[in-house]
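Trainee: quick one: sequence and predicted model below, then my questions.
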Amino acid sequence: MIPRSIGLALLLVIGACESKKQPSPGVTHYDTIPGHAEIQLTFNCGEPVVRDEGMGELQIGAPVDSVSAHCLVLRDTTAIGAEGMPARKLAVFLPPDTVEAEVVNNRIWRLSIVSPHFRTADSLGVGTPLSRLLKLRNPRGMTGEGKFFVASPEHCGMSFRLLNAGPGAQKGDLDQAGLKRLPKSAVVSEILVFGCHLPSGRTGGH
């Protein structure tokens, strides 16, 4: 396998053309290896739409090796994860931005999306107001890892972290009526994707 992190220069070129066989742009990564000619590697991580089981080739449960074969992994490190425990995290480039993937047992366990460039098929994403989430089927508010999230069976594999939710969010479990009492300024600041396999009511935390 050709090392991807030892390059003296990294050039990302996003293809401008799309076709039925290639629904999203590819990424070309150039590595310069001492004593060798410049090597060109092309990645296509798939459609960057946020879905319940992942984004493109970045799927919940996928082996890290499989993700690395299709996607450009910019960083593979250990950082503080859920509940203050160390966790392996990947920074994966999906044009036009980066997604953080948390790894457990060498498989993708959870995605954290904080870029407003990535949306669900129904246009939910960072910056979406609480009023839009209230239109989902049976939305509920809950706390997890010291944060406040909104989840709905309509998107069984993800939860939406709220910013500016106010002191009312500290109560934890809120039904739709309780969510309506939160400040209108509350907006989505992060999407967690963990797949529909988690029990109902989980936010994707350990």
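Mentor: Structure's in. What do you need?

Trainee: so Leu179 sits in a helix?
Mentor: Yes - looking at Leu179 with DSSP: H, G, I helix; E, B strand; the rest coil, it is inside a helix.

Trainee: can you pull the contacts of it?
Mentor: Residues in contact with Leu179, defined by C-beta atoms under 8 Å, 6 or more residues apart in numbering, are Leu130, Leu133, Leu134, Pro139, Arg140, Gly141, Val150. Where you see a C-beta, it was placed from the backbone N, CA and C, and this is true even at glycine.

Trainee: mind pulling the model confidence for Pro23?
Mentor: Looking at Pro23, its pLDDT stands at 43.

Trainee: now Val114: closest residue in space, sequence neighbours ignored.
Mentor: Nearest non-adjacent residue to Val114, counting by C-beta to C-beta, 6 or more residues apart in numbering: Glu190, 5.1 Å away.

Trainee: and the pLDDT at the one you found?
Mentor: On pLDDT, Glu190 comes in at 98.

Trainee: equivalent analysis for Ile39, please.
Mentor: For Ile39, the model assigns a pLDDT of 49.

Trainee: over to the one 5 residues further on?
Mentor: We note a pLDDT of 92 for Asn44 in this prediction.

Trainee: returning to that earlier point: okay, and which of the contacts of Leu179 map to strands?
Mentor: Arg140, Gly141, Val150 (DSSP state E).

Trainee: isn't the last one up against Leu162?
Mentor: The reference is to Val150. Yes - the pair Val150 / Leu162 is scored as a contact, 6.1 Å apart, by C-beta atoms under 8 Å.

Trainee: many thanks, we can stop here.
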